[in-house]
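> here is a sequence with its predicted model. Questions after.
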Amino acid sequence: MRTRMRSRLHNPFRVPLPLLLTVVAVILMIIALGLTVWARDPDGPAAGDGTAPPESSPGVTLSPSERPTADPAPSGTAPSEESTQPLPSESGAVLPPEETGTDGAEAQEGYDFSQPVPESEAVGDDYFADAVFVGDSRTAGFMLYSGVTGASSVTHTGLSIFDVQKGKACIQVGGQKLTLQQALEGKEYGKIYLCLGVNELGYYNDQGFYEAFCELVTELRQSHPESVIYLQTLIPLNEEVIAQTGGRDYLKNDHLRIYNDLICQAAEDCRVPVVDVYSDFADENGSLPAEASNDGIHLNRSYCEQWLEYLKTHTVSYDTLYPEGADAT
Amino acid sequence: MKLRKLFALACGAAMALTLAACGGGEDAPAMGTGEAQVPDLDPAAVTQALLDSGAFSETLETLELDTAYQLYALEGYGVAREDILDGSVYLSAGATAEEASVLVLKDADTAATVLGALQAHVDLQKESYESYLPAEIPKLDNARLATHGNSVVLVVPADSDAADTVVDKLSDYEAQ
């Protein structure tokens, strides 16, 4: 019995046992190596951020290398003049940035400030009870004709971001003239809707516009840390009606779309949401329909109502934006 | 003598009775407030007449009275929303400074207060449009402000002559 067993152990496959054991060990090592390589594969499902990218027509954003920065830059020059990148397309809408780097990775973990606020279920009229609308004559018209109820407003005909930057006291409040910051000071708002840019088109200072805009948004985030600060892209103009009614010749949609890109950039850089109101009004030519306005600039009643309806269907909660509370950066 | 005294007493009594008759009563109008008896205007009729007169260069938008109350900042003048009994307001959507506003107030004092508020509104508009749209300043300079009983009228017209065809004949638009 012992002899037979020894024979089977020594030669089950008619090869020496040490050689057999070596081959088995090599096979096991190869299998282990393969498992290690497979476990390190970076490909996998992307983390959802809870915000679906909005449907938008194709457009072009300035690449990171040519985007305006917070550092002082020569005034009077538009970012597009300093680069070889193509100008934004006629639609003027914003595409996701091509290179996100670490910012893209961070965006995947929370709200993506590089994208406009996506469409959502319409809020009720009471949503605006703790809102304040800040802007120029277009916003003044919105307050009069949109049907919005309960909201406050801080507006001035002809208001520009440069007036705000200079601390111009032009906001009429109870018989006094205040700066924009003074008019908002000491009051708590759940939402601040900001719409400025049309009056600034005539300054031809795009970099200055961007810097002043960022400066204001940063100030508002510090003074009103619990507010959702909505930036709004500029509603397009109707250049033909403007020309027919003797309007200013600097009011051009091509330039307006550059400003919209700058507003979107400011939203991303300052970590506030941007509502792409432009997209709801631009026709196939990127223009405001002629019937929307008597002067190509200020909306008639029905279009102010359309503006409000768009805002109602594009909201985002504070907790979604800043899940860890007020962001001091 | 007796007759003279009696005659003097009779004259004095007559004079006293005459003064009592001039003392006023419930139906007698108070001094200086004869306008309180002037009928209120029909705001819609007035604004429609203004719109039809060619006084404006563009189509104006109608404004709800609640919004007009805020626009004119009447609360700051001590006027309550309920003090506006009726009204019709038309404004430009922003292209011009043109507007037409007819408000019927609860009494003459309130109407006088609102008249002042509307004048202040015109002054503020001038300040706003001075640098924004200077071409609108002449319209504001030619603004028409008038009262008719407890009603107040403000017109900022493109054509002041056309506006005057209505403003100068407000009695034609009294409420029935």
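Structure's in. What do you need? What you see is a predicted model; the values in this text were computed from it and never measured.
> okay, now the closest residue to chain A within chain B: neighbour count?
Taking CB to the nearest CB, chain A has its nearest neighbour within chain B at B:Gly94, 3.0 Å off. For glycine as for every other residue, the C-beta is placed from the backbone atoms N, C-alpha and C. Counted with other CB atoms under 10 Å in any protein chain shown, residues neighbouring B:Gly94 total 26.
> chain neighbours aside, what residue packs nearest to it?
Closest residue in space to B:Gly94, ignoring its immediate chain neighbours: A:His298 at 3.0 Å, by CB to CB, 6 or more residues apart in numbering or on different chains.
> same thing with B:Val166?
In space, B:Val166 is closest to B:Ala49, 4.6 Å off (CB to CB, 6+ apart).
> same deal with A:Lys168?
Closest to A:Lys168 by CB to CB, 6+ apart is A:Thr179, at 6.6 Å.
> quick one: contacts for the one you found?
Counting by CB atoms under 8 Å, 6 or more residues apart in numbering or on different chains, A:Thr179 touches A:Val164, A:Gly167, A:Lys168, A:Ala169, A:Cys170, A:Ile171.
> would you format those residues as JSON lines with neighbour count and pLDDT included?
JSON lines is the format used below for those (neighbours: other CB atoms under 10 Å in any protein chain shown; pLDDT from 0 to 100):
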{"residue": "A:Val164", "neighbour count": "22", "pLDDT": "93"}
{"residue": "A:Gly167", "neighbour count": "10", "pLDDT": "92"}
{"residue": "A:Lys168", "neighbour count": "15", "pLDDT": "90"}
{"residue": "A:Ala169", "neighbour count": "15", "pLDDT": "89"}
{"residue": "A:Cys170", "neighbour count": "19", "pLDDT": "88"}
{"residue": "A:Ile171", "neighbour count": "22", "pLDDT": "89"}
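> where exactly do the strands run in chain A?
A:131-135, A:152-155, A:171-173, A:176-178, A:191-195, A:228-232, A:274-275 (DSSP state E).
> isn't B:Thr165 up against B:Gly54?
No - at 9.1 Å, B:Thr165 does not count as touching B:Gly54 under the criterion of CB atoms under 8 Å.
> just to revisit the earlier point, so which of the strands of chain A gets nearest B:Ala146?
Set against B:Ala146 and scored by CB to CB, those come closest in strand A:171-173, at 24.9 Å.
> helices or strands up against the closest one?
helix A:180-184 (3 or more CB pairs under 8 Å, 6 or more residues apart in numbering or on different chains; DSSP states H and E).
> coming back round to it: would you turn the contacts of A:Thr179 into JSON lines with distance to A:Thr315?
Formatted as JSON lines, these follow (distance: CB to CB, whole Å):
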{"residue": "A:Val164", "distance to A:Thr315": "25"}
{"residue": "A:Gly167", "distance to A:Thr315": "31"}
{"residue": "A:Lys168", "distance to A:Thr315": "31"}
{"residue": "A:Ala169", "distance to A:Thr315": "32"}
{"residue": "A:Cys170", "distance to A:Thr315": "30"}
{"residue": "A:Ile171", "distance to A:Thr315": "26"}
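> from those residues, which is closest to chain B?
Nearest to chain B among those, counting by CB to the nearest CB, is A:Cys170 at 8.5 Å.
> that closest one and B:Leu41, how far apart?
Relative to B:Leu41, A:Cys170 is positioned 35 Å away (CB to CB, to the nearest Å).
> equivalent analysis for A:Ser279, please.
A:Ser279 is 46 Å from B:Leu41, by CB to CB.
> so between these two, which is more surrounded?
Ranked by neighbour count (other CB under 10 Å), A:Ser279 and B:Leu41 place B:Leu41 first, with 29 against 23.
> how far away is the residue nearest to A:Lys168 from chain B?
16 Å (CB to the nearest CB, to the nearest Å).
> now that residue: how far from A:Ala169?
5 Å.
> which bits of the stretch 1-150 of chain A sit near chain B?
Within reach of chain B by CB under 8 Å from any CB of the partner chain, the stretch 1-150 of chain A has these residues: A:Ser137, A:Arg138, A:Ala140, A:Gly141, A:Leu144, A:Tyr145.
> wait, the fifth one sits on B:Thr67?
So that's A:Leu144. Yes - the criterion here is CB under 8 Å, and A:Leu144 meets it with B:Thr67 at 5.8 Å.
> quick check: the gap between A:Ile161 and A:Tyr111.
Taken as CB to CB, the span from A:Ile161 to A:Tyr111 is 25 Å.
> equivalent analysis for A:Tyr322, please.
8 Å.
> when the two are compared, which one has more neighbours?
A:Tyr111 (20 against 17).
> which pLDDT value goes with the more buried one?
At A:Tyr111, the model reports a pLDDT of 96.
> ok, now A:Gly76?
Predicted confidence (pLDDT) for A:Gly76: 34.
> repeat that for A:Leu28.
So A:Leu28 comes in at 87 (pLDDT).
> for it, which residues are in contact?
Counting by CB under 8 Å, 6+ apart, A:Leu28 has no contacts.
> just B:Leu105 next, same as before
Per CB under 8 Å, 6+ apart, neighbours of B:Leu105: B:Val79, B:Asp83, B:Ile84, B:Leu85, B:Ala111, B:Val114, B:Asn150, B:Ser151, B:Val152.
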